Every structure is written in structure tokens, then in C-alpha cells.
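Participant: Return a 3D structure for these sequence lines:
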Amino acid sequence: MSETPERIVEHAYDHIAQWYLEWVESDRSPRERYTRKLLDSLPPSPSVLELGCGPGVPVLSMLVDHGARVTANDISAKQIEMAKARCPRAKLVAGNMTTLVFEPESFHGVLSFYTLFHLPRSQLKDVLMKIYGWMKPGGLFAFNLAGIDEEEIHGEMMGFGMFWSGYGLHENCDMLEQVGFELLEVEKVKAGDGNLNEDEPDYDSEFVWVMARKPEVDKRKM
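Facilitator: As a prediction, this is how the structure comes out:
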């Protein structure tokens, strides 16, 4: 029986945890820029959710250092363990993000980097609707998506099977607007600014980076 995408992703991130920590500490990525931008626009001591926190660097550490009250999730129990060691003040939850439950309007901000494209794309809209519901009016959502229109991509990461899935740029933007988000910024960025070597994990990859806002007044309820 073939493994589910969820099991493939969980298994890989459990087993590459140490390598992933070293890689993420040296990776050149817009994630820090988007995290800073989000924090600069939120009130003091904001309530923030990070989906796909990995080993707690760099984003979770930045949030905690800023004084945010953070809830963080990752599918890999091993990654959560490593994040807990670095950021003991954060509330950490292991498991598939599709099963998370929070009170409506709990968070001023949500971040999710290099995570949403590990979900089968058929689940993406439901997850975006959940995130929208968890956010306070005026809240910000910073994240990235794969820029490729593929239902299933099976590949490898450090010798372990990996799964990705995504829609094209226009489908992603349409979906976000249908959910209710205002798109403040959308940009396509080649991983490592296009300067990666062939042996690096994101070689020749392009990601869509987004800053979106939940409107102060939900037009869908008017």
C-alpha cells in the first residue's frame, strides 16, 4: 500500500532533522524579511501562529525574541522537540495542520513558510479558510506557496521520499481572494535568488511569496 502524503512528509522531516537544522540556518530566503514585515505591522506582544515551524529557527526564534505570544505547529514530532529546546516559551503542537482547532479570531498574525505545498492541493482551500477564521480582523498572513500547477510531485530530500503539490500563480491568488483575503504583496522569487548549486535542495525552484490581510470588515458577511 502506498504511503499517504502526510506520512511521507512526516517520515522525511523526522529523519532529516539535524541536516535540516544546519541547512535552514544557512539558507538565503525571503522568510526573515516577511517575518520582520509582519511583526512591524502588528501590535505589541501579538498573538501569532506559525504553521511548519521546523526546528525553531529562524522564524520561531524571531517571533519569540520580538515578544510575540506564539503557538507553533509542525507535522514532525522530532522538529517540535528541537523547536522546544530553542524556544521553551512558545506553545508547540505536533501534528498535521489540517487537524488543528483554535478559537475564531485568536491570532493577530499567521506565518507558514515552506509548508503549505506539502499538503495535497485539494486540501489547500480548506486550510486557508481555517486560517482566515483563526485570524483577528485586520490580521496579517505571511506565507509562500509552490508556483507550479501539479497535483502530485514525488521526489527526494536527503535520500528520503518527499511530497509536494500546488497550483499556478493565478489559481492561488483567485483562491485566496475567494476565501476573503486582501492580497497586499505577491512576488515570485527564485530560491537562493537563482544562485544555488545543482546539489542544493531548492535548486531551480521558484516560490510565490504572499502577504495577505483579513479585512477589518468581513465583506462576505455583509
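
Participant: Please list all residues in contact with the residue nearest to V210 when sequence neighbours are not counted.
Facilitator: Closest residue to V210 apart from its sequence neighbours, by CB to CB, 6 or more residues apart in numbering: V186 at 5.3 Å. C-beta coordinates here come from the backbone N, C-alpha and C atoms, glycine included. The neighbours of V186, taking CB atoms under 8 Å, 6 or more residues apart in numbering as the test, are 169, 173, 208-210.

Participant: buried sites along the helix or strand containing K188?
Facilitator: Secondary structure from DSSP states H and E places K188 in strand 182-190. Across strand 182-190, burial judged by 16 or more other CB atoms under 10 Å covers V189.

Participant: What strands line up against that strand, and which way round?
Facilitator: Note on strand 182-190: by DSSP bridges, its sheet partners are strand 206-213 (antiparallel).

Participant: and the closest residue in space to P104 that isn't next to it in sequence, helix, strand or coil?
Facilitator: Of all residues not flanking P104 in the chain, G133 sits nearest, at 5.3 Å (CB to CB, 6+ apart). Three-state assignment for G133 (DSSP: H, G, I helix; E, B strand; the rest coil): helix.

Participant: G133 and V127: what is the separation?
Facilitator: Relative to V127, G133 is positioned 11 Å away (CB to CB, to the nearest Å).

Participant: Looking at these two, which is more packed in?
Facilitator: More neighbours surround V127 than the other of G133 and V127, with 19 against 15 (other CB atoms under 10 Å).

Participant: need the contact list for the more buried one.
Facilitator: V127 is in contact with 97-98, 116, 119, counting by CB under 8 Å, 6+ apart.

Participant: Swap in 6 Å and give it another go.
Facilitator: Contacts for V127 were tallied using CB atoms under 6 Å, 6 or more residues apart in numbering; they are T98.

Participant: what does W209 give?
Facilitator: The contact partners of W209, by CB under 6 Å, 6+ apart, come to 30, 144, 187, 189.
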